[in-house]
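# Here's a sequence, model it:
(chains A and B)
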Amino acid sequence: MIEARGLTKTYGAKTAVYNLSFQVRPGSVTGFLGPNGAGKSTTIRMVLGLDAPTSGTVTIAGRPYRQLPNAPRQVGALLDAKAVHGGRSARHHLLCLAQLSGIPKSRVDEVLALVGLQEVAGKRSKGFSLGMGQRLGIAAALLGDPQVLLFDEPVNGLDPEGIHWVRNLMKRLAAEGRTVFVSSHLMSEMALTADHLIVIGRGQLLADMSVKEFIARNSTAYAKVRTPDDAEQREKLTAALAEAGAGVQPEPDGALRVTGLELPRISDVAHGTGVRLWELSPHQASLEEAYMQLTQGAVDYRSAQPPGWGYGQPGQPQPYAPQQPYAPQQFAPPGSFGPPPAAAQPQPAPPAPAADPTAARETEDR
Amino acid sequence: MAVVPAVLRSEWTKIRSVRSTVWTLSLAVLITVALGVLISALTNNNFSRMPASEQITFDATYTSFAGMSLGQLLMIVFGVLVVSNEYSTGMIRASLAAVPQRGTFLFSKIAVATLLAFVVGEITAFIAFFAGQASLGSHSAHISDPGVLRAVFGGGLYLTLISVFAMGCAAMLRSPLLSLAILMPFFFLISNILHAVSATRHVANYLPDQAGQKVMMVVTTGDSRPYGPWIGLLIMALWVIAALVGGYAVLKERDA
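Predicted structure coming up:
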């Protein structure tokens, strides 16, 4: 088990990781998710005792890495696939690492076969593709047959077959009762590989929950409403829906995204206002969208977005508050549509329609 | 717990599995010997035309080591690459994850590299001496002459120490380019200029290379260094120890 408590790392004025606490348990794949620059690699380096935390602690099996007896036999890590002397062959690279930890030479050929590099084992790693480099890095992590494994972006540069292979390898290692900690910036990849998710943004914890729970909480249900191409009608309906307590946001294609009202109710409101509907359909926001929204305020290097794109309120920067997306849809009665995320509400916050006390408590918990 | 023999074995694998080791060390031998032979042969031809004062203080052994000024640069390259390769490739993270005891890691690496540098350094010094004497003809010295064996053995030690000094500097500076950009011009030009200029000579006498070169001299008449051969080597060794302590301090304190 890996356990971080109040982990903080600052480089001069820049805070890379702030007050991070989490546990990584054995027997499951834990995804460590965050945008580029969120502090994932810094955290992993601190777990391995390579970087010293500014404050806080991180332990493996109850001890800081540097005090672990025979650390390489207990912990294996893939940090950077390119961190290999290009002039050294794959076999020699692994042999150096094996000898460092007193691992027998025969194990080198075992792991080379395991990752499918035995054909090129004698070749200098300079000529390796990124995918082959990743496989070599994974081989190095597996050398000591460790109980705790850390992989920093292991699928980077892999082809679909390689990604599939890594995914199965992680699952198999976890099924053997090992602790598997995998970082990634791809939600879709983690949804398929991980059992548990730890999401960080700008070095802070945003979510720590099982993948199932994450999906349940974050795949927001909403209704897509399309009026005839007439700005006046659309505005009329928007105002009426907002009055009825819904969250309404314009979609890039001219439709409206309505949250917080059941479909029949939306239809009634439209009827009452005398606005015809061309479309009224139930939708589920994808996990990728949920992740994007979760980390939106926490992305360091974001590409410019045209106003109105996505489902944030145009021109209104999302305040960085991790609890936003946790408005718990699952407590709403079936068929109703949950409240819009607090920060994205176009109107002064209407009372959330469902399970208000639970929602409030849930929010504070984060 | 990573044990020292395991780390030593691993470092030996690291050193022998990259080509730069073979290139730098074999070039060090080749250049030192070839240049020594060339200068010795030229000196032999021009000996009768040399001023009498130079003929009297002629040091046949030191003349055959004329190639050391270039050969030492390759020993420096070897020392720098052995250490800074870890940083330039990023391998240092994997190495330190495997050996969290950073002192054990650094000094095992340096011990292996030093041993190799010593073997190559001694081979270089002895070949350079015998090849150089062969081309000096009637002006040559013999290995059994007083002080000659010490000078030749000391020449090998000099090459070893200059290489270890480079390892310590590389551990402090981490970047191979930066380390070479500082060490190469310093030992090829700056130190020699400082020693040639009379105003700075007394200070330059205590620079690592100037102090260490004393051990290679058999005839010391007219030499400005106010110490003997072994003290000179000791001064150089102190520089080396300082560089190693600095390198260890940096590795221990800084994030990898």
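# burial count for A:Ser28?
Neighbour count of A:Ser28, defined by other Cβ atoms under 10 Å in any protein chain shown: 20. Quick note: C-beta positions are derived from backbone N, CA and C, even for glycine.
# Just to check, it is in contact with A:Ile198?
No. Assessed by Cβ atoms under 8 Å, A:Ser28 is found out of contact with A:Ile198, at 11.8 Å.
# what about the nearest residue to B:Arg9 once chain neighbours are set aside, helix or strand, and which?
Excluding the flanking residues, the one nearest B:Arg9 by Cβ to Cβ, 6 or more residues apart in numbering or on different chains is A:Gln99, at 4.6 Å. Using DSSP states H and E, A:Gln99 falls within helix A:90-100.
# what sits up against that helix?
A:72, A:84-85, A:88, A:103-105, A:107-109, A:111-112, A:117, A:120-123, A:125, A:128, A:136, A:139-140, A:143, B:2, B:6-7, B:9-11, B:13-14, B:17, B:94-95, B:98-99 (Cβ atoms under 8 Å, 6 or more residues apart in numbering or on different chains).
# What number of residues are in the vicinity of B:Ala52?
For B:Ala52, using other Cβ under 10 Å, the count is 7.
# Which neighbouring residues are in contact with it, exactly?
Contact partners of B:Ala52, counting by Cβ under 8 Å, 6+ apart, are absent.
# Model confidence for it, exactly?
B:Ala52 carries a pLDDT score of 88 in this model.
# Would you check how far apart it and B:Phe58 are?
Distance of B:Ala52 to B:Phe58, computed by Cβ to Cβ, to the nearest Å: 10 Å.
# how about the residue of the stretch 1-150 of chain A found nearest chain B, secondary structure?
Of all residues in the stretch 1-150 of chain A, the one sitting closest to chain B is A:Ala83 (3.0 Å; Cβ to the nearest Cβ). Three-state secondary structure (criterion: DSSP: H, G, I helix; E, B strand; the rest coil) places A:Ala83 in coil.
# so it touches B:Ala97, yeah?
No. A:Ala83 lies out of contact with B:Ala97 (Cβ under 8 Å); the separation is 10.6 Å.
# and these two? which has more neighbours close in?
Neighbour count, other Cβ under 10 Å: between A:Ala83 and B:Ala97, B:Ala97 has more, with 28 against 20.
# Make sure A:Phe22 is indeed in a helix.
No. Using three-state DSSP, the assignment for A:Phe22 is strand, not a helix.
# Quick check: it touching A:Val199?
No. With contact defined as Cβ under 8 Å, A:Phe22 does not count as touching A:Val199 (10.1 Å).
# send the alpha carbons of stretch A:207-225 over as CSV?
The C-alpha coordinates for stretch A:207-225 follow below in CSV (Å, rounded to 0.1, in the frame of the first residue of the first chain):
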residue,chain,number,x,y,z
ALA,A,207,-11.4,13.1,-6.6
ASP,A,208,-10.5,9.9,-4.9
MET,A,209,-13.1,7.2,-5.6
SER,A,210,-13.8,4.0,-7.5
VAL,A,211,-14.2,4.2,-11.2
LYS,A,212,-17.9,3.1,-10.9
GLU,A,213,-18.6,5.8,-8.5
PHE,A,214,-16.8,8.4,-10.6
ILE,A,215,-18.9,7.4,-13.6
ALA,A,216,-22.1,7.4,-11.6
ARG,A,217,-21.4,10.8,-10.2
ASN,A,218,-20.0,12.5,-13.2
SER,A,219,-21.9,11.3,-16.2
THR,A,220,-24.4,14.1,-15.9
ALA,A,221,-27.8,13.5,-17.4
TYR,A,222,-29.3,16.4,-19.4
ALA,A,223,-32.0,17.1,-21.9
LYS,A,224,-31.3,18.5,-25.3
VAL,A,225,-34.0,20.9,-26.5
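# List the buried residues of that stretch.
A:207-209, A:211, A:214-215, A:217-223, A:225 (16 or more other Cβ atoms under 10 Å in any protein chain shown).
# And the most far-flung residue of chain A relative to its centre, how far from A:Ala290?
Within chain A, the residue lying farthest from the chain centre (Cα atoms, centre = their mean) is A:Gly274, at 43.5 Å. Computed as Cβ to Cβ, the A:Gly274 to A:Ala290 distance reads 35 Å.
# Longest helix in chain B, by number of residues?
Criterion DSSP state H: the longest helix present in chain B is helix B:102-136.
# how close does A:Leu280 sit to chain B?
55 Å (Cβ to the nearest Cβ, to the nearest Å).
# For the closest residue in space to that residue that isn't next to it in sequence, pull up the helix or strand it's in.
Nearest residue to A:Leu280, sequence neighbours excluded (Cβ to Cβ, 6+ apart): A:Val225, at 5.6 Å. Assigned by DSSP H and E, A:Val225 belongs to strand A:221-226.
# Which residues does that strand contact?
So strand A:221-226 is contacted by A:237, A:241, A:251, A:254-259, A:261, A:263, A:266, A:270, A:277-285, A:329, A:337-338 (Cβ under 8 Å, 6+ apart).
# Flag the shaky bits of the stretch 1-150 of chain B, pLDDT-wise.
Scanning the stretch 1-150 of chain B for pLDDT under 70 picks out B:1-2.
# Please report the distance of the residue of it found nearest chain A from B:Asp145.
Of all residues in the stretch 1-150 of chain B, B:Gly90 sits closest to chain A, at 3.0 Å by Cβ to the nearest Cβ. In this view, B:Gly90 and B:Asp145 are 52 Å apart by Cβ to Cβ.
# Comparing the two, which shows the higher neighbour count?
With neighbours defined as other Cβ under 10 Å, B:Gly90 and B:Asp145 compare such that B:Gly90 has more, 17 against 13.
# what sits in contact with each of A:Phe22 and A:Val199?
By Cβ under 8 Å, 6+ apart, the residues touching both A:Phe22 and A:Val199 are A:205, A:208.
# Mind checking which of the two has more residues around it?
When neighbours are counted by other Cβ under 10 Å, A:Phe22 and A:Val199 differ, and A:Val199 comes out ahead with 25 against 19.
# Give me the contacts around the host helix or strand of that one.
Using DSSP H and E, A:Val199 sits in strand A:196-201. Strand A:196-201 is contacted from outside by A:17, A:20, A:22, A:24-25, A:28-35, A:38-40, A:43, A:190, A:205-211, A:214, A:291, A:294-295, A:297-299, A:320, A:322, using Cβ under 8 Å, 6+ apart.
# what does stretch A:69-78 give?
With Cβ under 8 Å, 6+ apart, stretch A:69-78 has contacts from A:44, A:48-49, A:60-61, A:65, A:68, A:97, A:100-103, A:134, A:137-138, A:140-152, A:154, B:1-2, B:94, B:97-98, B:100.
# okay, how far is it across it, tip to tip?
Terminal residues of stretch A:69-78 are spaced 20 Å apart (Cα to Cα, to the nearest Å).
# mind listing what's buried in that stretch?
Applying 16+ other Cβ under 10 Å to stretch A:69-78 flags A:71-78 as buried.
# Using JSON lines, lay out those residues together with pLDDT and secondary structure.
Rendered in JSON lines, the data for these read as follows (pLDDT from 0 to 100; DSSP: H, G, I helix; E, B strand; the rest coil):
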{"residue": "A:Ala71", "pLDDT": "86", "secondary structure": "helix"}
{"residue": "A:Pro72", "pLDDT": "85", "secondary structure": "helix"}
{"residue": "A:Arg73", "pLDDT": "89", "secondary structure": "helix"}
{"residue": "A:Gln74", "pLDDT": "92", "secondary structure": "helix"}
{"residue": "A:Val75", "pLDDT": "93", "secondary structure": "strand"}
{"residue": "A:Gly76", "pLDDT": "93", "secondary structure": "strand"}
{"residue": "A:Ala77", "pLDDT": "92", "secondary structure": "strand"}
{"residue": "A:Leu78", "pLDDT": "92", "secondary structure": "strand"}
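# would you put the C-alpha positions of stretch A:146-165 in CSV?
Provided in CSV are the C-alpha atoms of stretch A:146-165 (Å, rounded to 0.1, in the frame of the first residue of the first chain):
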residue,chain,number,x,y,z
PRO,A,146,7.7,-6.4,-6.8
GLN,A,147,4.5,-6.1,-4.9
VAL,A,148,4.1,-2.4,-5.6
LEU,A,149,4.3,-1.1,-9.2
LEU,A,150,4.2,2.5,-10.4
PHE,A,151,3.8,3.3,-14.0
ASP,A,152,4.1,6.9,-15.3
GLU,A,153,2.1,7.2,-18.5
PRO,A,154,2.8,3.7,-19.7
VAL,A,155,0.7,3.7,-22.8
ASN,A,156,2.3,6.8,-24.3
GLY,A,157,3.5,6.0,-27.8
LEU,A,158,2.1,2.5,-27.8
ASP,A,159,0.0,1.2,-30.7
PRO,A,160,-3.5,-0.2,-30.1
GLU,A,161,-2.1,-3.7,-29.6
GLY,A,162,0.5,-2.4,-27.1
ILE,A,163,-2.2,-0.4,-25.3
HIS,A,164,-4.3,-3.6,-25.0
TRP,A,165,-1.3,-5.5,-23.8
